[in-house]
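**Q** Take a look and give me a structure for this.
(one chain, ligands or ions: 4)
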Amino acid sequence: MSGSFRCSISLSPLHSNEFPRIPVTKPRIHVPVPKPMTVALSKVVSPLRVAAPGVMIEAAGLEVDRVTEAELKENGFRSTRKTKIVCTIGPRTCEFEEIEALAVGGMNVARVNMCHGTREWHRDVIRRVRQLNEEKGFAVAVMMDTEGSEIHMDDLNDVESTKAEDGQIWTFTVRAFDQPHRPERTITVNYDGFAEDVKVGDELLVDGGMVTFVVIEKIGPDVICRCTDPGLLLPRANLTFWRNESLVRERNAMLPTISSKDWLDIDFGIEEGVDFIAVSFVKSAEVIKTLKSYIIDRSPGSQIGIIAKIESIDSLKNLEEIIQVSDGTMVARGDLGAQIPLEQVPLVQHEVIQLCRQLNKPVIVASQLLESMIEYPIPTRAEVADVSEAVGQEADALMLSSESAMGQYPEKALAVLRSVSLRIEKCRREEKHWDVTDLRIVSSSKLDEISEEICNTTSRMANKLKADAIFVYTKTGQTASLLSRNRPDCPIFAFAPSTSIQRCLNLKWGLIPFRLDFSDDMESNLNRTFSLLKARAMIKSGDLIIVVSDVMQSIQAIKVP
Ligand SMILES: Nc1ncnc2c1ncn2[C@@H]1O[C@H](COP(=O)(O)OP(=O)(O)OP(=O)(O)O)[C@@H](O)[C@H]1O
Ligand SMILES: CC(=O)C(=O)O
Ligand SMILES: [K+]
Ligand SMILES: [Mg+2]
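**A** Ligands and ions are numbered 1, 2, ... in the order given. Below is the predicted model:
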């Protein structure tokens, strides 16, 4: 940078020599500074703490996920992974050391699926993640995924799976059995109206066609079926039924999105302080609004993010409103592929990713990304191509399901997501010719719109100047999120005052969330951040940083002295 950019901001005496500030574009846009922070950020600065030999996790109130920190140092700013990774925790990965291995491998969010396991099991997992964060310096967020009330089979009691052979006769029933007395080839279905909704001649698809039956007779609560496409029946597998090649949406379409069991699970999630609740089989925006008010009632000030899972045919009719009111979206391709023709799933994925980007909501691409790695140590070429596609579409996050929950190679699967992300992101940076003007304005007030424009300009500037990082000081995470939406080439260091916002930001593309108490005085915030980051060797002299904040509507470009 040329010396002609030298700025005239006076620095605190302590730091004036240490940090000669260079180029500043401040304030390009003069607007009344929004209300100063009223929250007293006077939390006692925690002393330096060492968790494990040589692992410094917290220095003078600055906290960052230690794996992200290591990745930054190892790969350099630019080549740090931007795409986030969600891992489903299951029987294969529920012990402390197994969760730790995933965190070390780069898991940003741990997902627990309330379809499976007991609340005690989930409680243990959630607490282990928290313990890991506290003791070992990770910032892994927790996502609880609801069961939803779509139709599914029971948990097959104590068997892991059962095979249905071609031509075999099976009974699907709404009767409940005491374990030892369940007749052979009988499956209990969770939905009471099932036997009334189906008709003789309907096709019954298990998990979107992994096994198919045809209904041959109905006897009271029992639906007698013949297997037409044999395969393995897995516990709690989803059931859909089809008539004249269309999905049957009868009274089953009226089932509530959030069942009474889900409400209990949600209470449990709130109590355990999960960071996200993913709502299965969302049909409309209403249910998300209801859940949000419920959470505010139950836990005022809660930061829980609501993720709408796009996995039903009904959600597609109300896509934009659903995304608009949610805090994020998941393209849940597993169940989605059971409700719409498979060839439409990639189109929906593309549409949802685009829409989320426009509406400034994070989006997760889920299910079967590396399905073959449940059994094999390497993925198929097609799976790598699928992951590449999702990364190339700049989804915020990728999700592992069975691969991490019950597969044989969870850490290897995670490593594949990591390396494919890095490779494709590099490729995108080299070829990208985008402009932020392609993005819609999402702000509802003029003041917010100015912030939004500042974020757009910041990202453009960071790319043009080949900045090493963007720093954003954010109380709510909103400014950080607006920057992430632009998908700039450099990482975005987001400094947030609370651990919960820090964890929520962990789902967003390119954001490196730090927990840091900061004040209204940007000068001192910067000086402090620089010295803290320098002390940890996370930035070095000569790095070009573009700085924005919620506190002050300005952009500064600063070369680290
Ligand atoms: N807590 C758990 N206990 C036992 N098995 C689990 C658990 N979590 C996941 N699994 C197993 O891993 C598989 C994949 O997990 P995942 O949560 O992605 O299930 P899914 O059925 O695809 O998702 P969803 O039910 O949300 O559509 C499950 O089908 C189940 O066999
Ligand atoms: C993740 C999920 O719920 C699905 O793919 O169906
Ligand atoms: K679920
Ligand atoms: Mg699903």
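**Q** now the residue in the stretch 151-300 of the chain that ligand 2 sits nearest to, nearest residue through space, not along the chain?
**A** The stretch 151-300 of the chain approaches ligand 2 most closely through S280 (5.9 Å), counting by Cβ to the nearest ligand atom. From N, CA and C alone the C-beta is placed, and that goes for glycine too. Nearest residue to S280, sequence neighbours excluded (Cβ to Cβ, 6 or more residues apart in numbering): G148, at 3.2 Å.
**Q** helix, strand or coil for the residue of the stretch 201-350 of the chain found nearest ligand 4?
**A** Among all residues of the stretch 201-350 of the chain, D335 sits closest to ligand 4, at 3.6 Å; criterion: Cβ to the ion. Taken by DSSP: H, G, I helix; E, B strand; the rest coil, the conformation at D335 corresponds to helix.
**Q** tell me the pLDDT at it?
**A** pLDDT recorded at D335 is 95.
**Q** Identify the residues contacting the closest residue to it other than its chain neighbours.
**A** Spatial nearest neighbour of D335, excluding adjacent residues (Cβ to Cβ, 6+ apart): E311 at 3.9 Å. Going by Cβ atoms under 8 Å, 6 or more residues apart in numbering, E311 touches S280, F281, V282, M330, A332, R333, G334, D335, L336, Q339.
**Q** what do you get for D267?
**A** Residues near D267 by Cβ under 8 Å, 6+ apart: R298.
**Q** What are the phi and psi values at it?
**A** Per-residue torsions, D267: phi -60, psi -40 (degrees, to the nearest 10).
**Q** Check the one 4 residues further on too.
**A** Backbone torsions for E271, taken as degrees, to the nearest 10, come to phi -60, psi -40.
**Q** and what of G76?
**A** phi 90, psi 160.
**Q** returning to what we had before: list the contacts of the residue of the stretch 201-350 of the chain closest to ligand 4.
**A** D335 is in contact with E150, G208, N238, S280, F281, E311, S312, counting by Cβ under 8 Å, 6+ apart.
**Q** D543: which of the contacts of E311 is nearest?
**A** Set against D543, the nearest of the contacts of E311 by Cβ to Cβ is M330 (35.1 Å).
**Q** Look at that closest one and tell me its secondary structure.
**A** strand.
**Q** What score does it have for pLDDT?
**A** Looking at M330, its pLDDT reads 98.
**Q** Is it bridged to anything, and to what?
**A** Per DSSP bridges, the residues bridged to M330 are K309, I364.
**Q** how close does it get to L483?
**A** M330 sits 22 Å away from L483, taking Cβ to Cβ, to the nearest Å as the criterion.
**Q** The residue of the chain found nearest ligand 1 and N108, how far apart?
**A** Per Cβ to the nearest ligand atom, S401 is where the chain lies closest to ligand 1, at 2.9 Å. From S401 across to N108, the span is 16 Å (Cβ to Cβ).
**Q** do the same with D197
**A** Distance from D197 to N108, by Cβ to Cβ: 40 Å.
**Q** could the contacts of E311 be laid out in TSV, adding distance to ligand 1?
**A** Below are these laid out as TSV (distance: Cβ to the nearest ligand atom, whole Å):
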residue	distance to ligand 1
S280	6
F281	9
V282	12
M330	9
A332	6
R333	10
G334	5
D335	5
L336	9
Q339	12
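**Q** With just CA atoms, put stretch 470-482 into PDB.
**A** Output of stretch 470-482 as PDB, limited to C-alpha atoms (Å, rounded to 0.1, in the frame of the first residue of the first chain):
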ATOM      1  CA  ILE A 470     -12.700  -8.500   6.800                       C
ATOM      2  CA  PHE A 471     -13.200  -7.700  10.500                       C
ATOM      3  CA  VAL A 472     -16.800  -7.100  11.700                       C
ATOM      4  CA  TYR A 473     -17.800  -6.100  15.200                       C
ATOM      5  CA  THR A 474     -21.300  -7.300  15.600                       C
ATOM      6  CA  LYS A 475     -23.800  -7.300  18.500                       C
ATOM      7  CA  THR A 476     -26.500  -9.300  16.800                       C
ATOM      8  CA  GLY A 477     -24.600 -11.100  14.000                       C
ATOM      9  CA  GLN A 478     -26.700  -9.300  11.300                       C
ATOM     10  CA  THR A 479     -23.800  -7.200   9.900                       C
ATOM     11  CA  ALA A 480     -21.600 -10.400   9.800                       C
ATOM     12  CA  SER A 481     -24.400 -12.200   8.000                       C
ATOM     13  CA  LEU A 482     -24.700  -9.500   5.400                       C
END
